[in-house]
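1. got a predicted structure here, sequence first:
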Amino acid sequence: MNNVKKSIGWADFTVNPVKGLCPVGCSYCYARRAYGRNCNEVFRDKTIRYDVDVWNGVEKARPNDRVFVGSTIDLFHPLCSKWNDEIIETCESLAPTTFIFLTKCPENLPKVWPDNCWVGVSATDFNMATYAMCGLREVKAKVKIISFEPLLKQITPTAPYGPYTVDMFARDLRFTGVKWVIIGAQTPYSTKTAPRIEWVKEIVDAADKTNIPVFLKNNLQPLIDEHFPDKGLACNHDKTVRSYHQMGKYNLCEGCDASGCDNCSVIWGLRQEVPGKGS
Ligand code: SF4
C-alpha cells in the first residue's frame with residue numbers, strides 16, 4: 001500500500017492487486033512509462049497477473065482512509081477483470097475503510113457495489129464524459145465519481161456536438177447520480193497540456209448547480225494562481241472555513257470581513273471537497 005496523500009490527494013493510499021502493462025494504453029499514462037523504464041522489479045514484468053500479497057498492508061488502513069484500487073492498470077478492461085469478484089469481496093470485508101475504483105471501461109463495471117466502494121469513470125473530453133455518464137447510470141454505488149483527469153479538452157463544446165451547455169451538463173450529472181467530481185491536469189504539469197481555466201470553471205459551475213463536491217488536484221495550482229492572483233486576505237486566528245471561493249476556500253476568523261484584520265495573512269487552499277461517509 002503506497003501513501004499518495006501528496007501526489008494523488010483525493011486518496012490516502014493506492015493498492016494494486018493486479019499488475020502488468022495496462023492494455024488500455026493511454027498516451028499520457030505514467031504507469032505504462034514506468035513499465036517501459038524497467039525501474040524496479042514490479043515494472044520489469046509486463047504480464048497481467050494477480051498479486052494476493054498486496055492485501056497484507058491494507059488491513060492496517062484506518063476507517064476514514066480512502067484507498068484507490070488499481071492505480072497502475074484498468075481493472076475493468078476484459079484482459080484484467082477475471083479477479084474482480086475476489087478484489088471487491090476483499091474490499092467489502094475491509095469496511096469501513098473506503099475503496100475507490102476508476103475505469104475507462106464503464107460498460108464492464110459491476111452494476112451493484114458494496115457501500116464502502118466508491119466507483120467512477122475517468123474522462124478527458126466531452127465524448128468520454130458522455131460515455132462515462134451513460135455507463136454510470138446503470139451502476140448502483142454509494143458514491144459515483146467522474147474523474148476529469150487529465151482534463152484535455154472542453155466538456156461543453158459548442159461544435160460539432162453543441163451547443164452542450166453547462167446547464168445540460170449539470171442536468172446529466174444529476175440524472176446520472178454523480179456524487180463527486182475530480183479535476184486534474186496531466187502529470188507532469190506542463191503549460192502545453194494543462195487545461196484552460198474556462199474548461200475547469202465550466203465543470204465546477206455544473207457541479208455547483210448540482211451540489212456535487214469538487215476536488216481540484218494540486219497540479220492545478222499553477223493554473224488557478226495564474227487566473228486568480230487576487231485571492232484576498234484571510235485570518236489565521238481561526239481555521240474554520242466560513243466562505244468558499246469558487247476554486248478554493250478562505251479561512252476567516254470571527255469578525256473578519258473580506259478586507260481582513262491586523263493579524264490577517266493569506267491562507268488559501270484549492271477547493272478539495274470530499275463526499276461525507278453518509279453520502
Ligand atoms: S487506463 Fe489508466 S492505467 Fe490504463 S493506460 Fe490509461 S491511464 Fe494508464
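-> Looks like it came in fine.
2. show me the shaky parts of the stretch 101-250 of the chain.
-> Within the stretch 101-250 of the chain, the segments meeting pLDDT under 70 span 159-162, 228-250.
3. OK, contacts around Asn219?
-> With contact taken as CB atoms under 8 Å, 6 or more residues apart in numbering, Asn219 is in contact with 184-185, 187, 189. Bear in mind the C-beta positions are built from the backbone N, C-alpha and C, glycine included.
4. give me the phi and psi angles of the most centrally placed residue in the chain.
-> By CA atoms, centre = their mean, the chain has its centre lying nearest to Ile182, at 3.8 Å. Here is the backbone geometry of Ile182 (degrees, to the nearest 10): phi -120, psi 140.
5. bridging residues for it?
-> Ser147, Phe215 (DSSP bridges).
6. contacts only, for it.
-> Contact partners of Ile182, counting by CB under 8 Å, 6+ apart, are 10, 120, 145-149, 215, 217.
7. so what's whichever residue of the stretch 51-200 of the chain sits closest to the ligand closest to, chain neighbours aside?
-> The nearest approach of the stretch 51-200 of the chain to the ligand comes at Asp74, 3.9 Å away (CB to the nearest ligand atom). Nearest residue to Asp74 in three dimensions, chain neighbours excluded: Val24, at 4.8 Å (CB to CB, 6 or more residues apart in numbering).
8. same check on Val143?
-> Of all residues not flanking Val143 in the chain, Trp118 sits nearest, at 3.9 Å (CB to CB, 6+ apart).
9. if you rank the contacts of Asn219 by neighbours, which is first?
-> Ala185 (25 neighbours; other CB atoms under 10 Å).
10. residue contacts, that one?
-> Residues in contact with Ala185, defined by CB under 8 Å, 6+ apart, are 149-151, 193-195, 217, 219-220, 223.
11. go with 10 Å
-> Residues near Ala185 by CB atoms under 10 Å, 6 or more residues apart in numbering: 148-152, 191, 193-195, 200, 216-223.
12. filter the residues you listed to the buried ones?
-> By neighbour count, with 16 or more other CB atoms under 10 Å, the contacts of Ala185 hold 148-152, 194-195, 200, 216-220, 223 as buried.
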